[in-house]
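no sequence for this one, just the structure:
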């Protein structure tokens, strides 16, 4: 049985793959392979019958199912690909004509329907055609390995394991690995390395049990909630409100999650549990409620059908009333226990469970206590340690905390009496743990995070990839160099420093700017090789501190605004031209000022999930931290001074990117928009991006790093601004933008085209930054811009006034 501890390194490489089965999971896996730049074949059956006019012998007909899957990948929303440019890495085919693709494949994964006969027939084809060293896996979520491998050769069994991805594959971090009795440990090691480093997944090790870890615990929890909600007279939307953010779950919570997954799929998973878990003490929890069966019979299978527990209409989103099977307007009850659920996930959960006095809290306690007890009783059956279980729920269901982390949040010792009072049985190992004086499942021992191991009745170090540079470990390792309330500079080893932001949403304020200035001084003048700018938060930075800017603007106190943006412009420019390399390592949202920090760094190592954009126009402003010149530099800087180069088409691209407030859908989308250059890197595994950024610093230093030269721009001036205004006039006439949008656009255009200049002159970066600062301040003084800022702060959406 593989564990986090023994999943070591492997030299085996996976450079080509074959995916058999072009359904939802198969095409998701194929798309993720393309995201990792790994060519793959996507194969499915030959259609059983032809439509009128179709040639049954033609490749177009015979590959029809897989070709159709490529179209679905191309049109998918949310997008399965980081960029559509990589769609060409997927070759469609069928399992009759293209089995030769298996001959030299490094990995073959089947994602065919969950029927044992289909799986075994597929394995017949794989075994007959795959090379002797090919890794063979199944994406099953519930069938037993022993059953699937019946009749297979020893060589096949040794290179086989289950690779259970979660849907949608691009966005769900979890990859469950389950070995068979004969799986070669080297195969497991190879796939752990491939899954983590290239596919970017979080790996957990399960056992050959029904629905493994994630679905076993997750489906039990959801089914428990469905059975319980009637006792507490709660609506669908009430349940999702309770088990959303207040309880550390995603916004989709329970019923919206079911709609996204597909209620027919959910029934299949639950039914598989009920049919196979005959010895499970809570088997009846998996019995599908009558209303859920009726929904699927009616075709109300969720988002893919346009309705499930929720239904989107012209009048708004309606919610199902299971007791009547009718839809009604959503009406979320305002529970007192949820109002106080603020702060970090552990604090929110503890408040609801320990302090709540209403029926929402009673319901949350009943569902949570039942789920925690059930999870504890599964220890040793579905996984060997609590770490795999917690990781499975965080990565597979997007919980903020896993079950045992939740237990720590509410208090293990406190909860024992609560469980007893509720008549909920806990396994012996929990009582033994508490009797021995242990009150937490996780604890810090110096800079090492430890977990409680029931088998040894002691604490062990949580397995960690040494490349995962965690802020909490740096804090506990006394690696702090300097800091203030907004940011901290750490030593991450090998002569590389890390600047971490830690304001709310990592919004840029004077304290962050101060630490950027100090970090630049320290790195440039000290014995450092370079600097990484990054953090361990879900989002890099949501932008500048808009509240501060609005406050000063309403007071007509321009000096503090001018000072702040001047310093911000200067420090971003300084970072770009520092004598030592600076690498930004963004993830999640990097908006407005956050994007400008990244553009200011000389280099970027981004997470694949990067949503980056200069979005200031949404609040009636333009970028004010040297973002305009930085994007111009990225998009056409190398040709910007050329007399034979027409800048206007490229300026229009820059203008549309900023003027429309476009946010990239991924890191590759950011590259296409010009925020990343072709030389910048992408880490599909977000946990490794700071490590990769550090290696980039070291590599640049070792190769004789020199700071870049400043860019000179040959810009069209007023003529170019007039051309852009003609475009804006057309958009206003078509009612695509408002008159004030056009005004903001013209202010932006003046900056990008160089102000009072012509093609005969070269404009410096300093002059463009001066124009940017003047424009930013002028818009701060506009009442409509101030109204836009206030509306964004109050409603979290733009105002089009």
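Done, it's in. Keep in mind the model is a prediction, meaning the values are calculated, not measured.

Do I have it right that residue 164 meets residue 141?
Yes - with contacts defined as CB atoms under 8 Å, residue 164 counts as touching residue 141 at a distance of 5.6 Å. All C-beta spots, glycine's among them, are computed from the backbone N, C-alpha and C.

More neighbours: which of these two?
In this view residue 164 and residue 141 are compared by other CB atoms under 10 Å, and residue 164 has more residues nearby, 26 against 22.

Just give the closest residue to the more buried one, not the sequence neighbours.
Nearest residue to residue 164, sequence neighbours excluded (CB to CB, 6 or more residues apart in numbering): residue 176, at 4.0 Å.

isn't there a helix covering the one you found?
No - when classified by DSSP: H, G, I helix; E, B strand; the rest coil, residue 176 is found to be strand rather than part of a helix.

these two touch, right, it and residue 392?
Yes - using CB under 8 Å, residue 176 makes contact with residue 392 at a distance of 6.7 Å.

neighbours around residue 690, how many?
Under the neighbour criterion other CB under 10 Å, residue 690 is assigned a count of 29.

repeat for residue 251
Using other CB under 10 Å as the criterion, residue 251 is surrounded by 11 other residues.

what residues are up against the nearest residue to it once chain neighbours are set aside?
The shortest distance from residue 251 to any non-neighbouring residue, by CB to CB, 6+ apart, is to residue 244 (5.5 Å). Applying CB atoms under 8 Å, 6 or more residues apart in numbering to residue 244 gives the contacts 250-253.

can you check residue 652 too?
Taking CB under 8 Å, 6+ apart, one finds 724, 727 in contact with residue 652.

element containing it?
Under the assignment given by DSSP states H and E, the secondary-structure element containing residue 652 is helix 648-659.

List the buried residues for that helix?
Of the residues in helix 648-659, those scored as buried under the neighbour-count criterion (16 or more other CB atoms under 10 Å) are 648, 650-655, 657-659.

Next: stretch 68-75.
So for stretch 68-75, counting by 16+ other CB under 10 Å, buried means 69-70, 73.

element containing residue 500, please.
With DSSP H and E as criterion, residue 500 is part of strand 496-501.

do the same with residue 629
Assigned by DSSP H and E, residue 629 falls in helix 627-636.

So which residues make contact with that helix?
572, 576, 592-593, 595-596, 599-600, 614, 622-623, 640, 645, 647, 650-651, 653-654, 657-658, 674-677, 711, 713, 748, 751-752, 765, 768-769, 772.

Filter these down to the ones in strands?
With strands taken from DSSP state E, the overlap with the contacts of helix 627-636 comprises residue 713.

Looking at the contacts of helix 627-636, which are in helices?
Secondary-structure check on the contacts of helix 627-636 using DSSP state H: residues within helices are 572, 576, 593, 595-596, 599-600, 650-651, 653-654, 657-658, 748, 751-752, 765, 768-769, 772.

Could I get the contacts of residue 244 in TSV, plus columns for pLDDT and secondary structure?
Listed next are the contacts of residue 244 as TSV, based on pLDDT from 0 to 100; DSSP: H, G, I helix; E, B strand; the rest coil:
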residue	pLDDT	secondary structure
250	93	coil
251	92	coil
252	92	coil
253	94	coil
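
ranking those by neighbours, who comes first?
residue 253 (22 neighbours).

I'd guessed that one sits against residue 236; true?
No - counting by CB under 8 Å, no contact exists between residue 253 and residue 236, whose distance comes to 9.7 Å.

and residue 528, what does it touch?
Applying CB under 8 Å, 6+ apart, the residues contacting residue 528 are 495-497, 522, 580.

Which of the helices or strands spans it?
In this structure, residue 528 is located outside every helix and strand according to DSSP H and E.
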